[in-house]
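# Sequence and computational prediction follow.
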Amino acid sequence: MNRAAVLLCALVALAPVSAVAEPIPNGSFATQNAGWFDAKGLTCPKLCMRQQAVAEKEKNTDPVVSESYVCKVRKADQGKYLWLFGTQFATRPACYTTDRDLKGEYSDVFYCLCVRPKVRLAPKTPVPQMQPR
């Protein structure tokens, strides 16, 4: 193998894992117009409204809980931190998650996924064509 190929393999192996781990950043909107924001005691709809966005949601078939929102909680596990993704219900500012042992719990400290809708442009007005005489 030539030196260039060895160097390329070494660079790829040393590339940061975080570059592919989670494409949506914390605290700002990415090119996808979505971002994770610290709830700070708010429900996801209220938090995202402050960000001029809407909370990513899912409609439920349960008549008691008509909508739920996407949230995540940071949790320590065996000396490392990981994100647990869960559900925030509109009635309580908490994120409900399930860990790998299927133990359900909730946290009052969580992030919400906020999405800015794409701006719709006004339809183009047709340019009037000159009529031949």
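Received the coordinates, thanks. Just so we're clear, the structure is a prediction, and the values are computed from it rather than from any experiment.

# How many residues are close by residue 43?
Counted by other C-beta atoms under 10 Å, the residues lying close to residue 43 total 20. The C-beta positions use only the backbone N, C-alpha and C, and glycine is treated the same way.

# My guess is it contacts residue 87. True?
No: using C-beta atoms under 8 Å, residue 43 is not in contact with residue 87; the gap is 11.9 Å.

# which residues do the two both contact?
residue 69 (C-beta atoms under 8 Å, 6 or more residues apart in numbering).

# Can you give me every residue that contacts the closest residue to residue 43 other than its chain neighbours?
Closest residue in space to residue 43, ignoring its immediate chain neighbours: residue 93 at 4.9 Å, by C-beta to C-beta, 6 or more residues apart in numbering. Counting by C-beta under 8 Å, 6+ apart, residue 93 makes contact with 39, 41-43, 108.

# Going by neighbour count, which of those residues comes out on top?
residue 39 (23 neighbours).

# Please tell me the pLDDT value assigned to that one.
Here the pLDDT value assigned to residue 39 is 96.

# And residue 7, by the same measure?
Residue 7 is given a pLDDT of 40.

# Also the one 5 residues further on?
For residue 12, the model assigns a pLDDT of 40.

# And for residue 126?
58.

# Could you dump the contacts of residue 93 into CSV with distance to residue 99 and secondary structure added?
Below are the contacts of residue 93 laid out as CSV (distance: C-beta to C-beta, whole Å; DSSP: H, G, I helix; E, B strand; the rest coil):
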residue, distance to residue 99, secondary structure
39, 20, coil
41, 23, coil
42, 24, coil
43, 23, coil
108, 17, coil
